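# Would you be able to build a 3D model of this:
(chains A, B and C)
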Amino acid sequence: MKETDTKQLEFDFKNVQAEIVRESSDELRLKLGEFAGPLDLLLYLIRREEANIFDIPVARITDKYLEYIRMMERLDIAVAGEFLVMAATLIEIKSRMLLPKEPASEGEEEAEDPRQELIDRLLEHQQFKLAAESLWTKATVEQAVFTRGTIETDDNNPEISATVFDLFEAFQKMMDRHREQIQLEIHRDEMSLAEMLRNLRAKLKIEKKISLLKLFEDMGSKRELILAFISVLEIVRTESVRLCQKDTFGDITLELVES
Amino acid sequence: MSEKDKEPSSHKTSEPAELESAKSRSTTELEAVIEALIFVSDEPLPVRTMAKVLDEKKDAIVSALEELSSEYAGRDSGLQIREIGGGWQMSTRTEHHEEVREFLKTRPSAKLSLASLETLAVIAYKQPVTIPEILEIRGVQSASSIKTLLDKRLIVSRGRKDTVGKPMLYGTSRDFLIQFGLKDLSELPSIEDFEEFVG
Amino acid sequence: MSEKDKEPSSHKTSEPAELESAKSRSTTELEAVIEALIFVSDEPLPVRTMAKVLDEKKDAIVSALEELSSEYAGRDSGLQIREIGGGWQMSTRTEHHEEVREFLKTRPSAKLSLASLETLAVIAYKQPVTIPEILEIRGVQSASSIKTLLDKRLIVSRGRKDTVGKPMLYGTSRDFLIQFGLKDLSELPSIEDFEEFVG
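Numbering: from 1, shown residues only, chains lettered A, B, ... in the order given. Down below sits the predicted model:
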């Protein structure tokens, strides 16, 4: 069961990684994911280079990292301070790696790997990313659970905890819903050309004279407006009508010519 | 009953009963999902609504409801499922009302259901208003909310509208003003009052 | 209405028999009344509240709850009774979420961004924790995530740390437990469990 739950609400956690995506033909965007900081970028690079997190090839990863930062700058993406701090750290580690290893003197512990602190941070960070993922799964499952609707059992207590603001909010939401519904209905009720033509003919028969300005103004959508315009042209072409315009740029009326 | 007439004819004629139920629920599953719907509903839930949401026949819904209801009665539950006000509702059994009341007293005050709050909002802002007009705005039946609001004396009837069917008009009561801390209706918040919060 | 208010208290004081009978509930009766209380409660209901309202021992309440909960699970109900956020709650089972959502016309509520989730994970496992400590683990500023989490009441401030600058400490809230379906913090998988996946 859980499986279908997650399927329904899924967004692919594993794939939200730092990557360059081509958003559209003219826009290359660096998609780092909202959460991605320098540690995420490093983890991504390590994974992409198929490197071992416990034995990071610092020189190679540093180069890739800097390449990324430069690309961000080229793409005019504000590079957050944290990325630059990490760049400095990487360069420092890289240079320390290049130094000849001091031979460990008697009784001393082996000199610490300059990468160790970074490795620890990456591991901890990775852990919390997985913890976040597990939280996400939990929340997803929990979103499939509903508690009961409000009940009004408390007959003895005429007091209610709603305020005028609750009332207002309920009203606003309802009106929004109402509006949405009406718009939906308008959408569904959109006329065909045949209907528009039929309506216009009927209207002309009754009113004898139609103001085009008024007619076009009454149209609910661009599509209806176009249909109305085509219908007028069609009527002018096929029936005994005339178009009158009293003033230049004035209103045009469509008039039935009595035969 | 006209229910059967409304059933999509394609269902009726083309496929055997087994295949036809789109969701192919077992009786137990149907009862379970109906139980869930009644539970989350703010108001007594009409059979027609369940049939629509679940894409099942009304007959199937009704027999599942009856089964469910008698199951609740049979297992000495603290709850009951019963038909009330044109719909099905889950509620506590009268046996436990004393304890329930005792418990509810520990809470500050009863909440209005969203349904009732919405209905009250429409009446407050559009009064005097008829039930069909409320239906038009809310998009759902409000009969049981109207009853609740009348019981709580938050609304009163204000005569009848002079149109077809002479429907009853409703408006808010003096108690409404008192409970919501308003001097008069002009004190109801308007859109303008909220614009400053948005910015 | 005022008469009814007085009713319960007069019962209480004058008739001790009432109290006695309350205590001598059978197991079935206790389960039933607990079921009723959990049903009417707006929030997960703590054992201690039930014990107090029903004048029963906590042990009795707990074993009735466990019985009730497994009874619900056993009879393929559309509902479940479980412990969450320090109390007991009745809710629908995940199996029916599609139908319930369809009926309530709701969409899954807006998810937390990954940034906020990550911040929440750090707070959940390291609480009480300061913003600089979160920054250290995440490697990025978390101010806007903190704000989101506070707005959603998933985290609360837990005083200030007694170090330089006296930074604010943060921890998770009861709402966090409820929204993530946890009894208490000990139900979070241990952070060490996530180690083996590294690499």
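# check which helix or strand covers the residue minimising distance to the centre of chain B.
Nearest residue to the geometric centre of chain B (Cα atoms, centre = their mean): B:Glu43, 2.4 Å. Using DSSP states H and E, B:Glu43 maps to neither a helix nor a strand.
# all strands of chain A, in order?
A:19-24, A:27-31, A:209-211, A:241-245, A:252-256 (DSSP state E).
# Show me the helices in the stretch 51-200 of chain A, by range?
With DSSP state H, counting those that start in this stretch, the ranges of helices along the stretch 51-200 of chain A come out as A:58-74, A:81-98, A:116-142, A:164-188, A:193-207.
# right, so these: which one is the most enclosed?
Mean neighbour count (mean count of other Cβ atoms under 10 Å in any protein chain shown) peaks for helix A:116-142 among those, with a mean of 19. Glycine gets a C-beta too; all of them are placed from N, C-alpha and C.
# who in chain B is up against chain C?
B:28-29, B:31-37, B:39-41, B:49, B:53-54, B:71, B:75-79, B:90, B:92-93, B:95-96, B:98-107, B:111 (Cβ under 8 Å from any Cβ of the partner chain).
# low pLDDT regions in the chain?
I'll assume chain A. Within chain A, the stretches with pLDDT under 70 are A:1-36, A:75-79, A:101-111, A:150-162, A:180-191, A:248-249, A:258-259.
# Can you look at chain B instead?
In chain B, residues with pLDDT under 70: B:1-23, B:107-111, B:191-199.
# before we move on, the earlier item: is it possible to mark the buried ones in the residues of chain B next to chain C?
Buried members of the residues of chain B next to chain C, counted by 16 or more other Cβ atoms under 10 Å in any protein chain shown: B:29, B:31-37, B:39-41, B:49, B:53-54, B:77-79, B:90, B:92-93, B:96, B:99-104, B:111.
# out of those residues, which touch chain A?
The subset of those within reach of chain A, by Cβ under 8 Å from any Cβ, is B:36, B:39-41, B:90, B:92, B:100-101, B:104, B:111.
# Out of the residues of chain B next to chain C, which sit inside strands?
Judged by DSSP E, the subset of the residues of chain B next to chain C located in strands is B:79, B:90, B:92.
# who does the longest helix seen in chain B touch, helix- and strand-wise?
In chain B, with assignment by DSSP state H, the single longest helix is helix B:58-74. Applying 3 or more Cβ pairs under 8 Å, 6 or more residues apart in numbering or on different chains; DSSP states H and E, we find helix B:58-74 packed against helix B:27-40, helix B:47-54, strand B:79-84.
# Run a quick neighbour tally on A:Glu112.
Per other Cβ atoms under 10 Å in any protein chain shown, the neighbour tally for A:Glu112 reads 8.
# Grab the nearest non-local neighbour of A:His125.
A:Leu39 (4.4 Å; Cβ to Cβ, 6 or more residues apart in numbering or on different chains).
# who's in contact with the one you found?
Residues in contact with A:Leu39 (Cβ atoms under 8 Å, 6 or more residues apart in numbering or on different chains) are A:86, A:121-122, A:125, C:138-140.
# Farthest-apart pair in those, please.
Taking Cβ to Cβ as the measure, the contacts of A:Leu39 reach their widest spread between A:Leu122 and C:Val140, a distance of 14.0 Å.
# quick one, which of the helices of the stretch 51-200 of chain A is nearest to B:Ser190?
The nearest among the helices of the stretch 51-200 of chain A, by Cβ to Cβ, is helix A:164-188 at 8.1 Å.
# Quickly note the distance from B:Glu99 to chain A.
12 Å (Cβ to the nearest Cβ, to the nearest Å).
# hmm, stretch A:165-176 touching chain C?
No: applying Cβ under 8 Å from any Cβ, one finds stretch A:165-176 separated from chain C by no less than 12.1 Å.
# does chain B sit close to that stretch?
Yes: on the criterion Cβ under 8 Å from any Cβ, stretch A:165-176 is in touch with chain B at A:165-168, A:170-172, A:174-175.
# May I see those residues organised as TSV, with distance to A:Ile235 added?
Shown next, in TSV, are the residues of stretch A:165-176 next to chain B (distance: Cβ to Cβ, whole Å):
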residue	distance to A:Ile235
A:Phe165	54
A:Asp166	54
A:Leu167	51
A:Phe168	49
A:Ala170	48
A:Phe171	45
A:Gln172	44
A:Met174	42
A:Met175	39
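# residues in contact with A:Lys222?
Contacts of A:Lys222 (Cβ under 8 Å, 6+ apart): none.
# which two in the ones next to chain A among the buried ones among the residues of chain B next to chain C are spaced the farthest apart?
Farthest pair in those, by Cβ to Cβ: B:Ala36 and B:Arg101, 26.8 Å.
# Could you look up the SS state of B:Gly181?
coil (DSSP: H, G, I helix; E, B strand; the rest coil).
# Let me know how buried it is, in neighbour terms.
By other Cβ under 10 Å, neighbour count at B:Gly181 equals 9.
# Could you measure from it over to B:Ser113?
From B:Gly181 across to B:Ser113, the span is 21 Å (Cβ to Cβ, to the nearest Å).
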